[in-house]
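[1] task: produce atomic coordinates for the following.
(2 chains)
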Amino acid sequence: MIRRKISLAAAVVTATALTLTACSGGETQSADISTVNVMAPFLEAQPPSADGAVQKKLRELTGKDVNITWAPNASYEDKTNITLASSEIPHVMVIQGKTPGFVKNAEAGAFWDLTDKLDDYPNLKTTFPDIQQNASINGKVYGVYRGRAPMRAAVMFRQDWLDKLGLQPPKTTEDLYKVAKAFTEQDPDGNGQDDTWGITIPKWGALGTNSPYDLIEEWYGAGNRWIEKDGKLIPSFETEEFLEANRFVKKMVDEKLINPDFATFDGTKWNEPFFNGKGGIIADVDSRVSVLINLFKQADPNNFQNKVGFVGNLEGPDGELHAHPTDGYSGFLAIPKSSVRTEAELKTVLEFLNTMNGKDVAVLLNNGIEGTNFALEDGKAATIKPETEEGKAVTTDVKSYAQLGMNVTGNSFYPVKQATDYEQQVFDKRTEVMAEDLKSAVYNPAAPFVSATYVSKGAQLDNIVADARIKYLAGQVDEQGLKDAIKLWNTSGGDKVKEEINKLWQDNK
Amino acid sequence: MAAPVIDTRAGERTQPPASAPRKRGRFSVHFAHYKWLYLLLLPGVLYFAVFRYGPMYGVSIAFKDYVPFLGVNGSKWVGFQHFQDFFANPDFPRLLGNTLILAFLNLGIAFPLTIVLALLLNEVRLSILKRTVQTLVYIPHFLSWTIVASLSFLLFALDFGPLFLFLNNVLGTNIDFLSDPNWFRPLIVLQEIWKNTGWGTIIFLAALATVDQDQYEAAIIDGAGRFRRVWHITLPGIRSTIIVMLILAIGQMLNTGFEQIYLMTNALNRSVADVFDTYVYFVGITQGAYSYSTAVGLFKSLVGIVLIFGTNALAKRFNQSGLF
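    Next up, the predicted model:
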């Protein structure tokens, strides 16, 4: 560990030395940036090649020599910080979120403040100002956010089990309990053995990360991270609804309706119990529905329909729907001041981003190249079969290039045409359910605000409550223990976080 | 970490060539005489200067409020602020306790087991058996902690892991070994033993090979049994090696192994699992508090140095040759 840290320090030191030499060189850049350097993460096994078809087309469409540095997603934040301390700073950097590291850099003046600038560009002027506000740091916009589906929460279940037991899809949290209980106790797979459970939950404890716990708490009315009570913002876990929701989950744990290893179960294996007929319910993002259907399809291409059913958000005990939205964005594209030095240069880069947000580039980044890997069928992008080598390469590259998509004016690319009619039906139903749920979304009122105390120790603070929640559910501590942890959160610095967030909230009202 | 080269003939010290009183100019004569040897030394010195001592400059961020954009030079000095914060932190006693307990468990159980295993191997007379066993016990050392952790998860998995079922049937209990805080430390020590004990025997086996065989013969004639021979000949024969290895082990003691502990931690056992190494990662990398975590790391290194010097001094006081 020490050695690793020292080598990191070595990298930083060398990088700083390089910066100094670069500065003393007195290098001047013209406002006419012809090569735009971009840094972005890749989530696939391999980054796209620099001379692939997508890259060529991107250069053609933007009129710039776009040069992308791909960094692995897992170490992206380290790479960001090391890059910022180096001499080779790109013109545009994908930043994955308001991490403490980013906030510190931004407040030290590392990035251009774009708050008053974006509206001058037709494709950068967002049609979702709320999401742009959420992505800001206390109202200051440091980047063009990367738009994401604003509603994704869904409950998926084994449709065949439900049919066999003659049950209806759950509508409320109470229904969820009943279905989970039936899946556990009524032998839904009909093998005569007591070897099934209801809901599968993986090791996923952190607060406010859209975990199954977060979903259930929000459905119970505990709010989304923060909630307004008596004219003040308080964290969700200080509400009575939070305790009620966790009593509900604990009841399910105690009655063995949830997998007993929920505190340690590996999240990458989440689909397995569902697919293998052990646990019949998963509460997660709706895109997992397609993943699950695909598993059944691969196992038996002729008989995979009606294995996976799903519903959106569930009504809470108060009879109301408090739907759990996402933040609506996933990081942003920020422009460092050390590489883009003048307003004129900034203009060039913003114009480039404006082109990136146009329909042509959006289609390229998200669908690929028409005629090479996809063809249009009723306004949908259908994969060309049989796939050519070239087409496959484009499809693979697009998975990474989508990381550069911003879509701040909505998705201008084509929806993907699903492989079979059944999958298309499911996809259309998903879109419909999510759009309906979005109307009842309960947003995080504190999303745009970054409190100084939270930046320096928020993650440790939240861990206190997150761990106590899991311990309570596992029976290691009682409800008093959970309440004590919440008190400890307050006395360890949470009080200050609350104060700061409330002040920011009042100031920005 | 390369195994250090140990002079197993401890006690013997090479004497300087001349004991004549040193005069001015003596060094240049000496230098001219041995210049080729000094030239040989140069790459090593350069390596340490560039890759070991040079980067220590970066340690200065422990006394600054480091912001990557501002760089090491541009960041503000804050003095001992981060150290004060750390010692005042309610996590500090818990981290220190967890780290020390794990360190002493590893030192107290895993370290002697290495010697025991080496002695056992040394007593095996059938060469082919000895070599086979040696090779087999080295293998776990080359598996990454990720694999060791995955194996543990499979073996101790709730409701179907073979060891979970076996142990709970024998003990008549229903313990979830992976999340029960009481079982965290035993698991960690077991993993450490399984993975590294075999590898650790290499140096002891080398030392055992140097023990004078005549003494065994004499002892056999005097009627000493196997245990007597081990106690009175073998162990004293490798005593200096044991001391040197012990000093090195104590210096490494606080390095409880980041990967292993990180992989075995979960929300239910975190109270006993958090150690300095995981804390530095958690605070430094995931929260971007580089300065603070550097301060924590630096504190850990200081404790390591104190331990090394302390043990070395103790070893010398008890009339043993120390490490330096």
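
[2] residues contacting the closest residue to A:Pro72 other than its chain neighbours?
    Excluding its sequence neighbours, the residue lying closest to A:Pro72 (CB to CB, 6 or more residues apart in numbering or on different chains) is A:Phe42, at 6.5 Å. For glycine as for every other residue, the C-beta is placed from the backbone atoms N, C-alpha and C. If you count contacts by CB atoms under 8 Å, 6 or more residues apart in numbering or on different chains, A:Phe42 has them with A:Pro48, A:Trp70, A:Ala71, A:Pro72, A:Asn73, A:Ser400, A:Gln403.

[3] mind giving me the PyMOL select for these, buried ones only?
    Restricted to the buried members of the contacts of A:Phe42, where burial is judged by 16 or more other CB atoms under 10 Å in any protein chain shown, the PyMOL selection command reads as follows:
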select buried, chain A and resi 48+70+71+73+400+403
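
[4] the contacts of A:Phe42 in helices, which ones?
    A:Ser400 (DSSP state H).

[5] lowest pLDDT pick from the contacts of A:Phe42?
    Per-residue confidence across those is lowest for A:Asn73, with 87 (pLDDT).

[6] ok, that one to A:Leu43 distance?
    To A:Leu43, A:Asn73 is 5 Å away according to CB to CB, to the nearest Å.

[7] packing partners of the one helix or strand A:Val394 maps to?
    A:Val394 belongs to helix A:389-401 when assigned by DSSP states H and E. Packing contacts for helix A:389-401, counted by 3 or more CB pairs under 8 Å, 6 or more residues apart in numbering or on different chains; DSSP states H and E, involve helix A:53-62, helix A:359-366.

[8] for chain B, find the nearest of these.
    Distances from chain B to each of those were compared by CB to the nearest CB, and the smallest falls on helix A:53-62, at 27.2 Å.

[9] for that closest one, what is the distance to the chain centroid?
    For helix A:53-62, the distance between its averaged C-alpha position and the chain's averaged C-alpha position is 27 Å (CA atoms, centre = their mean, to the nearest Å).

[10] now tell me what touches that helix from outside.
    With contact meaning CB under 8 Å, 6+ apart, helix A:53-62 is reached by A:36, A:48-49, A:65-66, A:68, A:352, A:355-356, A:360-361, A:364-365, A:368-369, A:372, A:390, A:393-394, A:397-398, A:401.

[11] so how do I select the buried members of these in ChimeraX?
    Typed into ChimeraX, the next command selects the buried ones out of these (criterion: 16+ other CB under 10 Å):
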select /A:36,48,66,68,352,355,356,361,364,365,368,369,372,393,394,397,398,401
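
[12] quick one: the strands in the stretch 101-250 of chain A, in order.
    Ranges of strands within the stretch 101-250 of chain A are A:144-147, A:153-158, A:197-199, A:226-229, A:232-235, based on DSSP state E, counting those that start in this stretch.

[13] any residue of the third one touching chain B?
    No - interface with chain B: strand A:197-199 contributes nothing (CB under 8 Å from any CB of the partner chain), its closest point being 10.4 Å away.

[14] for that strand, packing partners?
    Applying 3+ CB pairs under 8 Å, 6+ apart, we find strand A:197-199 packed against helix A:173-185, strand A:279-285.

[15] deepest-packed of those, please.
    Stretch with highest mean neighbour count among the helices and strands packed on strand A:197-199: strand A:279-285 (a mean of 25; mean count of other CB atoms under 10 Å in any protein chain shown).
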